[in-house]
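Visitor: Build the 3D model from these lines:
(6 chains)
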Protein chains: 4
Amino acid sequence: MTTAPAPRADAARNRELLLAAAEAEFAERGDEASAASIARRAGVAKGTVFRHFATMDELIAAIVAKRLAHLTALAREQLDSDDPAAGLYRFLIVAADQRTQLDLRFLMSVSNDCTAACVRDELHGEVVRLVDRAQASGALRADITGTDVFLLMCSPLHAVENLPGPPRPNLWRRYLDLIFDGLRPQGAHPLSEPAPDWGTDRTPGS
Amino acid sequence: MTTAPAPRADAARNRELLLAAAEAEFAERGDEASAASIARRAGVAKGTVFRHFATMDELIAAIVAKRLAHLTALAREQLDSDDPAAGLYRFLIVAADQRTQLDLRFLMSVSNDCTAACVRDELHGEVVRLVDRAQASGALRADITGTDVFLLMCSPLHAVENLPGPPRPNLWRRYLDLIFDGLRPQGAHPLSEPAPDWGTDRTPGS
Amino acid sequence: MTTAPAPRADAARNRELLLAAAEAEFAERGDEASAASIARRAGVAKGTVFRHFATMDELIAAIVAKRLAHLTALAREQLDSDDPAAGLYRFLIVAADQRTQLDLRFLMSVSNDCTAACVRDELHGEVVRLVDRAQASGALRADITGTDVFLLMCSPLHAVENLPGPPRPNLWRRYLDLIFDGLRPQGAHPLSEPAPDWGTDRTPGS
Amino acid sequence: MTTAPAPRADAARNRELLLAAAEAEFAERGDEASAASIARRAGVAKGTVFRHFATMDELIAAIVAKRLAHLTALAREQLDSDDPAAGLYRFLIVAADQRTQLDLRFLMSVSNDCTAACVRDELHGEVVRLVDRAQASGALRADITGTDVFLLMCSPLHAVENLPGPPRPNLWRRYLDLIFDGLRPQGAHPLSEPAPDWGTDRTPGS
DNA sequence: AATGAATGAGGCTTCATTCAT
DNA sequence: TATGAATGAAGCCTCATTCAT
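Guide: As a prediction, the model looks like this:
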């Protein structure tokens, strides 16, 4: 069961250091982040980055996986709330609030990474469950799916990014509210396109 | 009297070729687009890119300006429609439908370009007008602003980008419908954050 | 005899404009001077530069030739002065004073240009003549040659260039005086190297 | 105790290789020298140039600093010679002889580099000391300064550069002798310009 | 396992020169 | 002849990745 020897303690710590540094760099500097700046921030040598993550894409995949796993956990926390709709709403709040939503652009450039794809599927599953519960309780319109909510999850944060001038840290809540109102049964109009398939059976990629 | 722009015919054509090639490259390859790939696609030498656009940023600014100007025109077309809400909805449709919405992230990396900023402000103004009319007609909830709609404009396209698997070209309509339902008066819940200022009086930046 | 038709008037004027602009640009901006900046300064299109001078090197050669020819004229003016040594001194003064001495670096990168080489040889000849007269008058030490003086001609200007801080426009005179004192018979010490040959019979080069 | 600089051995060697290659390239090809040609000559990859010198200017500054530091050392060696004038003369000889005098034009394009400026000031100081001693001994005319000699230091090499035809490796000695004769008290004529200030208190520049 | 030097492909930009108008 | 657009070879520099220590 113990496949890894002891001295890994240091290595594991470095891995965490690097992940944290990378998240921070990508968050602060976006595309400007580089292996060098991440290593510097983590306090390790550049070579160490590549000992832990063979490729920059792998690093990104690891971040994404971590973030998505965290989101999955948050979703599960809300699965047994008394008010299903409130639970879903709270999930969407905490998910964004903890800036846990890394720009999902990354997911696409990495979607052929198996790990990230799997963990994303898992999160998707939880969101589906949350949505199903809320629909069963009648608080959500019947013509939407968990996949819809999954896809819309980042919209509040995206919307806010296009506002010029100084950032308004909580403004995204406004757009979450607005979008959430669109998910309710009241005043729902028919949708012009059918719901998308999540497509669980993906081919592994290249 | 028009003796001057004689050899400009070719040049103007090249400029359009370049803009088109650049749009296509950025659309297809995003950050990977380069002056070289754009030139290749346009069928001109690399140096020609820089005759027309002194800087890569200038090229991007030109694309953004062109796209936003187009959107502005589309918005104006809907300003005198009989049904204001339908007009706004149609604007949002055609805007997205013509994939006219270049990823607005670019605007941020270029926001210090005066032209792009100005033309963006102009588009914002038209959207505000459209929204005001729709509100006056009672078809839109009263607690939202044109700025809100402006910020949400790209959300349908963004949402769709996160769907794994083969693309569904019109799926974005589904999310436009959903979001639009959230803008209606029926079933509106109070919003947790006040509307943002557009901040017309921006400082030019260094 | 009239090999050139009338419309050359314009062309000739442009040629002078270009030469003047090029001199000014090289003087002000040194290596930073470019075909574009020269054309701009001359008020013509870039293509026109190359109609008059097939190559940048040719332009430089033309400038050098013009400058050297001017120097030659100045030298001749002093050939019949009463006091030969004073004549030589005055020549050295006016040569430098009129900033007629373009950085001779150029000469080297162009020395295979026949025109420039010829006109330089001519100037050399005049300097030799001035020096010979001065030596005959006993005002110059006997162990130096006109070639020596020719080579030292630019030294005062070169020396001054290495002074940091704000330029002292006439400081070069100090070094001309100093060097000139070294050319006098008084206190002359034997020289460790024989005088160089000018080498009149140069091969034209590629 | 000296565990740190272990892998530096190779790096240091490369740095020297690069400096040497750069000196050679600049000497042979002047402005034509490029990062690529330097790297090729040093037998390293182009990127390695920039690991050692962040900028081309930095490389040049390093060369200049190295050369000037060497000159400074040579000057100090002569400070305690018995015959002050001979010491100064020997300094000027060895300085030029070891082709240690890189074209000082470079200094100007780099004068905002603090290191180079400082080391140049240092060399200037030593020359001043050598000249002061020689003046005190009566072997040098009284109306010149160390700054004068500093400025004239490169003149013999410059003079030689203007001789067409095959190079005469030691010809510069002839002009050093000539110039040195001008520095002696015998036959000195009054100088038309006062001595320049070195201007020790330069502002650092932006 | 960690380090940091080395690599080399690739990006942006400049500029002398050519060429169609 | 003049124009100015087009060309393409370099130039400088960055950065992910590899490798010797």
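Visitor: Next secondary structure after the helix or strand bottoming out on mean pLDDT in chain A?
Guide: Here the helix or strand of chain A ranked lowest by mean pLDDT, DSSP states H and E is helix A:105-109, holding a mean of 55. From helix A:105-109 onward toward the C-terminus, using DSSP states H and E, the following helix or strand is helix A:114-136.
Visitor: immediately after that next one, which helix or strand?
Guide: helix A:146-152.
Visitor: so how far is that next one from its chain's centroid?
Guide: 12 Å (CA atoms, centre = their mean, to the nearest Å).
Visitor: Mind listing residues that contact the following helix or strand past it?
Guide: Counting by DSSP H and E, the element after helix A:146-152 in chain order, helix or strand, is helix A:155-161. Contacts with helix A:155-161, where a contact means CB atoms under 8 Å, 6 or more residues apart in numbering or on different chains, come from A:96, A:101, A:167-168, A:171-176, A:179, B:104-105, B:108, B:151-152, B:154-155, B:158-159, B:179. C-beta: built from backbone N, CA, C; applies to glycine.
Visitor: Helix A:155-161: which residues count as buried?
Guide: Neighbour counts over helix A:155-161 (16 or more other CB atoms under 10 Å in any protein chain shown) mark A:Ser155, A:Pro156, A:Leu157, A:His158, A:Ala159, A:Val160, A:Glu161 as buried.
Visitor: just those: which has the poorest pLDDT?
Guide: Within those, A:Glu161 has the lowest pLDDT, namely 85.
Visitor: Low-confidence bits of chain A, can you list those?
Guide: A:1-8, A:98-112, A:200-206 (pLDDT under 70).
Visitor: go again using 80 as the cut-off
Guide: Along chain A, segments meeting pLDDT under 80 span A:1-9, A:97-115, A:200-206.
Visitor: OK, now which residue of it is nearest to DNA strand E?
Guide: DNA strand E sits closest to A:Gly47 of chain A, with a gap of 1.9 Å, by CB to the nearest atom of the strand.
Visitor: Quick one: residues contacting the spatially closest residue to A:Leu79 that is not a sequence neighbour.
Guide: Excluding the flanking residues, the one nearest A:Leu79 by CB to CB, 6 or more residues apart in numbering or on different chains is A:Arg129, at 6.2 Å. By CB under 8 Å, 6+ apart, A:Arg129 lies in contact with A:Ala75, A:Leu79, A:Gly146.
Visitor: how much space between the last one and A:Ala134?
Guide: Here the criterion is CB to CB, to the nearest Å. By it, A:Gly146 lies 9 Å from A:Ala134.
Visitor: Next: A:Phe26.
Guide: Distance from A:Phe26 to A:Ala134, by CB to CB: 32 Å.
Visitor: And for A:Cys114?
Guide: A:Cys114 is 31 Å from A:Ala134, by CB to CB.
Visitor: which of these two has more neighbours?
Guide: A:Ala134 (24 against 12; other CB atoms under 10 Å in any protein chain shown).
Visitor: tell me the SS of A:Glu193?
Guide: Secondary structure, DSSP: H, G, I helix; E, B strand; the rest coil: A:Glu193 is coil.
Visitor: Do I have it right that it meets B:Arg174?
Guide: Yes: counting by CB atoms under 8 Å, A:Glu193 touches B:Arg174, with 3.9 Å between them.
Visitor: The two: which has the busier surroundings?
Guide: B:Arg174 (23 against 16).
Visitor: Pull the contacting residues for that one.
Guide: A:Asp148, A:Leu191, A:Ser192, A:Glu193, A:Pro194, A:Ala195, A:Pro196, B:Pro156.
Visitor: what about A:Leu18, how many neighbours?
Guide: Each residue near A:Leu18 was counted by other CB under 10 Å, and the total is 25.
Visitor: And it, its phi and psi?
Guide: A:Leu18 has phi and psi values of phi -70, psi -40 when expressed as degrees, to the nearest 10.
Visitor: and if you look at A:Ser192?
Guide: According to degrees, to the nearest 10, A:Ser192 has phi -80, psi -10.
Visitor: same thing with A:Pro164?
Guide: phi -70, psi 170.
Visitor: Does it touch B:Pro196 like I think?
Guide: No: using CB under 8 Å, A:Pro164 makes no contact with B:Pro196, being 9.9 Å away.
Visitor: Between those two, which is the more surrounded one?
Guide: Ranked by neighbour count (other CB under 10 Å), A:Pro164 and B:Pro196 place B:Pro196 first, with 19 against 16.
Visitor: tell me the secondary structure for the more buried one?
Guide: coil.
Visitor: Flag every buried residue along the helix or strand where A:Ile63 lies.
Guide: Using DSSP H and E, the element containing A:Ile63 is helix A:56-77. Of all the residues in helix A:56-77, those buried under the rule 16+ other CB under 10 Å are A:58-68, A:71-72, A:74-75.
Visitor: Tell me the helices and strands packed up against the following helix or strand past it.
Guide: Counting by DSSP H and E, the element after helix A:56-77 in chain order, helix or strand, is helix A:84-97. The contact analysis (3 or more CB pairs under 8 Å, 6 or more residues apart in numbering or on different chains; DSSP states H and E) places helix A:84-97 against helix A:56-77, helix A:114-136, helix A:172-182.
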